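Engineer: My questions are about this predicted structure, shown below with the sequence.
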Protein chains: 2
Amino acid sequence: MKKEKLQGITVKKKDNFSEWYTQVISKSELADYSIVSGCYVLRPSSYFIWERVRDFFDKKIKKSGVKNAYFPLLIPEQLFNKEKQHVEGFNPEVAWVTKTGDTDLKEKLAIRPTSETIMYYSYKKWIRSHNDLPLRLNQWCNVVRWEFKHPIPFLRSREFLWQEGHTAFANNKDAEKEVKEILSYYKQVFEDLYAIPVIEGKKSEGEKFAGADYTLSVETFLPSGKAIQGATSHFLGQNFSKAFDINFTDKSGDKDHVWQNSWGLSTRTIGIMVMMHADDYGLVLPPKVAENKVVIVPIYSKENKDKIMKKAIELKTKLNKFDVLLDDRENYSPGWKFHEWELKGIPVRIEIGPKDLAKKQVVLFRRDNHKKENVGFVNLQKKVEVVLEDIQNNLFKKAQDFIKKNTVEVKTLKDFEKATKENKLIKTYWCGCDEDKIKDEYGVKILTIPFDQPKKKNKCIFTGKEGNLVYMAKSY
Amino acid sequence: MKKEKLQGITVKKKDNFSEWYTQVISKSELADYSIVSGCYVLRPSSYFIWERVRDFFDKKIKKSGVKNAYFPLLIPEQLFNKEKQHVEGFNPEVAWVTKTGDTDLKEKLAIRPTSETIMYYSYKKWIRSHNDLPLRLNQWCNVVRWEFKHPIPFLRSREFLWQEGHTAFANNKDAEKEVKEILSYYKQVFEDLYAIPVIEGKKSEGEKFAGADYTLSVETFLPSGKAIQGATSHFLGQNFSKAFDINFTDKSGDKDHVWQNSWGLSTRTIGIMVMMHADDYGLVLPPKVAENKVVIVPIYSKENKDKIMKKAIELKTKLNKFDVLLDDRENYSPGWKFHEWELKGIPVRIEIGPKDLAKKQVVLFRRDNHKKENVGFVNLQKKVEVVLEDIQNNLFKKAQDFIKKNTVEVKTLKDFEKATKENKLIKTYWCGCDEDKIKDEYGVKILTIPFDQPKKKNKCIFTGKEGNLVYMAKSY
């Protein structure tokens, strides 16, 4: 039996957040570094979460009428360059294929950093009349953005997985309705699956997508004292449809360019979940994204092994719908197993030893708050169900409380400056004045202009002019 | 209302197979050409089929203990070059990233043509002892193989989607058991979903995977007179584990290299399905992979429209579980609709007009054999269920009959030559003699050495030595 202690997390979340995050990610076996700098391996436990998110979101968009498709990975340079703002936004990060085998290509090919250009090339061919609209396609795929900023697993990786929806409508009204609809699904992914509260709103001009009329997003605020953009839904207006000449004949026979949206959610969300919920013992998985919601650890000696294992197997069958793991490894001690499953974030642990067996009960341990209680065999299934729901809700509430506690509303520049130094989520008022200057001077950016606005406008803290409520913070 | 006739398939399958195939693929809107030569767009109808196949196969491998993961797209040249046979097999087809933004990379990166090398780099890190084995991972992803042969949508495209399973075991026995297990799942994908009979067997030395000890495959034979490899399951032995030094300590404390498999199934399967089942009217979808198994086409005039539509909607609800389409487009005639859904391969069409309504019946049209019959409202749901099952079986049987009819067993070189000229699937005997020579002289290759062998060996038709039963044909 392994006597050495499991190598757990050796730094505290509050002491060294970035080292703590790196340790959680690798020691819980969520992800691993690859041989290519900035590219990571999604190990089974994180890929499972992604599958869960995919299935959840996929169901919603399919019900809404979106269809999945798949477009080529490689985009010829000329096509990529068609929309001016877009190419300026992405060019510095593009990975270029210039050679196949030993042959140099005549025109270099971009690995998609996003697929507007390659998809809209087809949209132009497919869309002729209002009968072809709306066209609402989505793809689940990988993209490459060769950023030179410090990479962070999940949050900023040079390749990541995402879905990208690309839709075309006959009028702006329908398009703008969809942009909001999709954002509401993103909110559900965060709040209902990941147990993370988000703020819905519109990005400022300086932060919108390269090529969009405007960008909607969901944002949250993390225990590192930084905010993060969770997912985005862009109203592209007619910017791309004009650049790609995607036009249609409407019911009265007139020609117009289509109105477009694009929207995306990525594996970045997994990193956000880790940063929000994980603790000094390792990962904490919200039950709704946990592959195994329960692990049973039997505690036995040679004499009573058979009896204990028999009961453990029986309980496993009984709790089948929670995708229970039974850790029956011979060469690890119960203590080692406890630590390992805490590190891996399994929501509920059930311990069963000889004393428990005699009392017809188990010890039930909750990963979220480290509380233990005895539960009788008879009530176990029901109890586990209730506890899992409670864990899901509790994680959401904890995150909500954390965000609330770290949000300050400021109305003066002095308070604003103080709040930026204290790494707060800042609620304040902004008239639309120079964003770059704010970023340079205070190190924070405008995260979002939330949908939820006060009835009356207020004075912008920078200019004194009339301004909207905005959230600002340091951010990833 | 559109008066012009729908542009259907203008050549016959038996007259010009390759033009026919191209037309079916594009006119049924399965796939489209992209701006990049040899890369295709998977439109929603083909992507749906891929999702169906994915879910089917994914369930099987997960039940068997395989987990999904995701490894980086880009592989550094040095790593890619580690296994000699492997790199020789793939090098000429590799797409190389040499630049990111405006910066030249120090070491060029291969877009994965397959992921052995990038995955086994991690396997080396993760595998220490027999406790870490078996390691059985799979990924669903895109790969790029920049072939210079004439590209064919689905069958030979420069990017395609697939799953690649990569597993490591403590001994060859367990590995070889899995290779066969996976092959049986591939057989089920073809036979149970796609309604295509396949032959299971082992590839010849000349046709095995670059880096494998041996390759198993499922093969089939198509109405073009060519055979095709459907999917492959490779026993890699210790070739990669030695090249990557993936070793483990066994129970007795000795070190050994792991035994490995890799196995893959791709979107090529969709093309095989089209070639096998589609006809001169367009696509024919086996019900098990059809998104919409039934389409209802209402036939009405101004006077009776409301009544007919009311019934049509009622029927749609009743047949809900078959994912029914109700084609209520105003500006297309019933005739146009009939042709369009035939082109798109929907298994069952239900027509309902005023006469049908009066008789409380519909006309049920089967896409596979073009037969029509009247079915009373009362029996409709049951009838559709039976008909769909019958279509699935009938397509399989038709394919089986076709293959049987085009298979010849030859025992002399003269008969062999004749059969190659007649584009037959040839059953014959082969001792293992020079494959390249056979290919050069007769234009056919050894497809497979089938599992199903006669009790007694027979004389090789090329050398007269003792040989195994093999299948040979022209092939894709």
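Structural biologist: Thanks, I have it. These numbers were taken from a predicted model, which means no experiment stands behind them.

Engineer: What's the separation between A:Asn239 and A:Trp259?
Structural biologist: 10 Å (C-beta to C-beta, to the nearest Å). Glycine gets a C-beta too; all of them are placed from N, C-alpha and C.

Engineer: more neighbours, those two?
Structural biologist: A:Trp259 (25 against 21; other C-beta atoms under 10 Å in any protein chain shown).

Engineer: residues near the closest residue to that one other than its chain neighbours, how many?
Structural biologist: Nearest non-adjacent residue to A:Trp259, counting by C-beta to C-beta, 6 or more residues apart in numbering or on different chains: A:Ala175, 4.1 Å away. Using other C-beta under 10 Å, the number of residues around A:Ala175 comes to 22.

Engineer: how much space is there between A:Ala175 and A:Gln260?
Structural biologist: In terms of C-beta to C-beta, A:Ala175 sits 7 Å off from A:Gln260.

Engineer: can you check A:Pro454 too?
Structural biologist: 32 Å.

Engineer: Is the residue in the stretch 151-300 of chain A that chain B sits nearest to bridged to anything, and to what?
Structural biologist: Distances between the stretch 151-300 of chain A and chain B by C-beta to the nearest C-beta are smallest at A:Glu159, namely 5.5 Å. Beta-bridge partners recorded for A:Glu159 (DSSP bridges): A:Val144.

Engineer: now do A:Arg349
Structural biologist: Beta-bridge partners, per DSSP bridges, of A:Arg349: A:Val295, A:Phe365.

Engineer: so what's it up against?
Structural biologist: A:Val294, A:Val295, A:Ile296, A:Val297, A:Phe338, A:Trp341, A:Glu342, A:Leu364, A:Phe365, A:Arg367 (C-beta atoms under 8 Å, 6 or more residues apart in numbering or on different chains).

Engineer: Find residues that contact each of A:Ala175 and A:Gln260.
Structural biologist: A:Thr167, A:Phe169.

Engineer: quick one on the thing from earlier: and the residue nearest to A:Trp259, what pLDDT?
Structural biologist: For A:Ala175, the model assigns a pLDDT of 98.

Engineer: I figured it hits A:Trp263, correct?
Structural biologist: No. With contacts counted by C-beta atoms under 8 Å, A:Ala175 stays clear of A:Trp263, the gap being 11.2 Å.

Engineer: and A:Leu380, what element?
Structural biologist: helix A:380-405 (DSSP states H and E).

Engineer: got the buried residues for that helix?
Structural biologist: A:380-381, A:383-384, A:387-388, A:391-392, A:394-396, A:398-399, A:402-403 (16 or more other C-beta atoms under 10 Å in any protein chain shown).

Engineer: Quick check on A:Pro454 and A:Gln260: which one has the bigger neighbour count.
Structural biologist: Taking other C-beta under 10 Å, A:Pro454 and A:Gln260 do not tie; A:Gln260 has more neighbours (30 against 9).

Engineer: In three-state terms, how would that one be classified?
Structural biologist: strand (DSSP: H, G, I helix; E, B strand; the rest coil).

Engineer: Report the contact partners of it.
Structural biologist: A:120, A:166-169, A:175, A:236-241, A:246.

Engineer: Am I right that A:Gln163 sits in a strand?
Structural biologist: Yes. Applying three-state DSSP, one finds A:Gln163 inside a strand.

Engineer: Please tell me the pLDDT value assigned to the spatially closest residue to A:Gln139 that is not a sequence neighbour.
Structural biologist: Once flanking residues are discounted, A:Gln139 sits nearest to A:Tyr70: 5.4 Å by C-beta to C-beta, 6+ apart. Among the per-residue scores, A:Tyr70 shows a pLDDT of 98.

Engineer: Double-check A:Tyr70 against B:Cys39; I have them as touching.
Structural biologist: No. At 10.5 Å, A:Tyr70 does not count as touching B:Cys39 under the criterion of C-beta under 8 Å.

Engineer: Find the least confident helix or strand in chain A, judged by mean pLDDT.
Structural biologist: helix A:84-90 (a mean of 83; mean pLDDT, DSSP states H and E).

Engineer: That one: which residues count as buried?
Structural biologist: A:His86, A:Val87, A:Gly89, A:Phe90.

Engineer: Show the contacting residues for the last one.
Structural biologist: Yep, that's A:Phe90 we're talking about. So A:Phe90 contacts A:Phe80, A:Pro113, A:Thr114, A:Arg145, A:Ala210 (C-beta under 8 Å, 6+ apart).

Engineer: List just the nearest of the buried residues of helix A:84-90 to B:Asn374.
Structural biologist: Taking C-beta to C-beta as the measure, B:Asn374 sits nearest to A:His86 out of the buried residues of helix A:84-90, at 56.4 Å.

Engineer: middle-most residue in chain A, spatially?
Structural biologist: A:Thr269 (1.3 Å; C-alpha atoms, centre = their mean).

Engineer: what helices or strands is whichever strand or helix holds A:Glu19 leaning on?
Structural biologist: Element membership for A:Glu19 (DSSP H and E) is helix A:17-27. Where contact means 3 or more C-beta pairs under 8 Å, 6 or more residues apart in numbering or on different chains; DSSP states H and E, helix A:17-27 is packed against strand A:31-33, helix A:268-277.

Engineer: Around chain B, which positions in the stretch 301-450 of chain A sit nearby?
Structural biologist: A:Arg329, A:Asn331 (C-beta under 8 Å from any C-beta of the partner chain).

Engineer: Repeat the analysis, applying 7 Å as the threshold.
Structural biologist: Applying C-beta under 7 Å from any C-beta of the partner chain, we find that the stretch 301-450 of chain A lies next to chain B at no residue.

Engineer: Give me the distance between A:Lys337 and chain B.
Structural biologist: Shown here: A:Lys337 relative to chain B, a distance of 13 Å by C-beta to the nearest C-beta, to the nearest Å.

Engineer: from what I can see that residue touches A:Leu325, true?
Structural biologist: No. Look at A:Lys337 against A:Leu325 with C-beta atoms under 7 Å: they stay out of range, at 10.1 Å.

Engineer: quick one: which of the two has more around it?
Structural biologist: A:Lys337 (21 against 18).

Engineer: which stretch of helix or strand covers that one?
Structural biologist: A:Lys337 belongs to helix A:334-343, assigned by DSSP H and E.

Engineer: And that helix, what's buried?
Structural biologist: A:Trp336, A:Lys337, A:Phe338, A:His339, A:Glu340, A:Trp341, A:Glu342, A:Leu343.

Engineer: Check stretch A:463-473 too.
Structural biologist: Within stretch A:463-473, the residues scored as buried using 16+ other C-beta under 10 Å are A:Gly467, A:Asn468, A:Leu469, A:Val470, A:Tyr471, A:Met472, A:Ala473.

Engineer: Look up the residues forming beta bridges with the first one.
Structural biologist: So the one you mean is A:Gly467. Applying DSSP bridges, one finds that A:Gly467 bridges with A:Asn458.

Engineer: which residues touch the closest residue to A:Thr412 other than its chain neighbours?
Structural biologist: The spatially closest residue to A:Thr412, leaving aside those adjacent along the chain, is A:Ile461, at 6.6 Å (C-beta to C-beta, 6+ apart). Applying C-beta atoms under 7 Å, 6 or more residues apart in numbering or on different chains to A:Ile461 gives the contacts A:Val410, A:Lys411, A:Thr412, A:Leu413, A:Phe416, A:Thr428, A:Tyr429.

Engineer: how much space between A:Ile461 and A:Phe221?
Structural biologist: Counting by C-beta to C-beta - A:Ile461 and A:Phe221 are separated by 19 Å.
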